[in-house]
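In: With the input below, show me the fold.
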Amino acid sequence: MASLKNIKLKILSYKKTGTVTHAMEAVSAVKMRKGQERALSGRAYAAAALTVLERLAGTADIGRHPLMQDRQIVGDTGEGSNPRIQVTRSIKTCIIVVTSDKGLAGSLNSGVIRKAEQELTARKLAKDDAIIIAIGRRGADYFASRGYDVRERHENIADAVSEADIRKVTDTVLKAHSDGEVSACLIAYQNFLSTFEQQPTVRQIVPITTESMREIVAGIRPAKGRYSPKPDEVTPHRVPVYTIEPDTDAVLSVLLPKLLNIAIFHALLENKASEHSARMVAMKSATDKAKEMAGDLTRTFNKVRQAAITREVSEITSGIEAMK
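Out: Here you go, the predicted structure:
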């Protein structure tokens, strides 16, 4: 009977676990939908800002703005060298790594971290050549434990995050670039494609280019499906020439930081939607597994109980026969 009791306790344990994981699955499903809707809500603003940038590109030479240039340190080749010969020494690269604070989300965080490391390797950047800005505890802990310069950690960011909440990250990137500390800035995050598909993505957000911004704006909505953009929402590439007042630099100094903030904000929302989607799928898998294990144990329980009943009946029958 002790064996039956243990099996029954295990069945109850699996059923309780399944109840918890099912509740987490339902919560994650709601949060995922809200996260996707929040990401889509910013597309109109981002598309309008991109349109302004493209109109400026068609009107003036905007490539001279510091935020649209790859900054380098220029110096001579050393003492006694030809002063006309100069070499360029690359400065550091900043990478914003967006992960979650919590686990139970499958390979969500490991995928982003792996993609970030692959990008650092592809660019041949040593640990001393990279500055990490971590959004999320998982990424911050990983890179800090491996000796990277984790310049900032941003944790416990709510799902209802606003652009103002991540303005500090944007300001850090702008200052590092204007001070000549970094030549470029990348952002690594999980791009939400569908409920069952997320893609680890690395995008360059500094220097800012019309091509990179066009990719970010296009990525806010999937290429197909319910949330895909309508034909009349596509940003036109042929734009008229405008007269700019007071000057191009003044307009870009306001516009480009806003575009940079949009890029970071959008990546965070995409990662939030991916996080809840991955957690929903993981919890559904856990719920199904708990039901399967509870079912297997129930069948085992019935077999053991049936065997015990058969044994007792056999013993009673044997006793009756012995008394005759």
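
In: Going by C-alpha atoms from here, please, whenever you check contacts or count neighbours.
Out: Noted.

In: Just to check, residue 24 is in contact with residue 280?
Out: Yes: in this structure residue 24 lies within contact range of residue 280 using C-alpha atoms under 8 Å: 7.2 Å.

In: In terms of neighbours, single out the busier of the two.
Out: residue 280 (29 against 18; other C-alpha atoms under 10 Å).

In: Keeping just the C-alphas, turn stretch 93-102 into PDB.
Out: What follows is stretch 93-102, C-alpha atoms only, in PDB (Å, rounded to 0.1, in the frame of the first residue of the first chain):
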ATOM      1  CA  THR A  93      32.200  49.300 -30.500                       C
ATOM      2  CA  CYS A  94      29.100  49.400 -28.300                       C
ATOM      3  CA  ILE A  95      26.600  46.500 -28.400                       C
ATOM      4  CA  ILE A  96      23.200  46.700 -26.600                       C
ATOM      5  CA  VAL A  97      22.200  43.200 -25.600                       C
ATOM      6  CA  VAL A  98      18.500  42.800 -24.900                       C
ATOM      7  CA  THR A  99      17.500  39.700 -22.800                       C
ATOM      8  CA  SER A 100      15.000  38.900 -20.100                       C
ATOM      9  CA  ASP A 101      15.300  39.000 -16.400                       C
ATOM     10  CA  LYS A 102      13.700  35.700 -15.800                       C
END
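
In: Report the distance from that stretch to the chain centre.
Out: 8 Å (C-alpha atoms, centre = their mean, to the nearest Å).

In: A helix includes residue 100, no?
Out: No: using DSSP: H, G, I helix; E, B strand; the rest coil, the secondary structure at residue 100 is coil, not a helix.

In: For residue 65, list the residues it contacts.
Out: 249, 252 (C-alpha atoms under 8 Å, 6 or more residues apart in numbering).

In: For it, give me phi and psi.
Out: Main-chain dihedrals, residue 65, degrees, to the nearest 10: phi -70, psi 140.

In: What pLDDT is listed against it?
Out: Looking at residue 65, its pLDDT is 78.

In: which helices and strands sit right next to the longest helix along the chain?
Out: Assignment by DSSP state H gives helix 248-323 as the longest helix of the chain. Contact here means 3 or more C-alpha pairs under 8 Å, 6 or more residues apart in numbering; DSSP states H and E; on that basis helix 248-323 packs against helix 2-41, helix 43-59, strand 92-98, helix 108-122, helix 167-178, strand 182-194, strand 197-206, helix 210-219.
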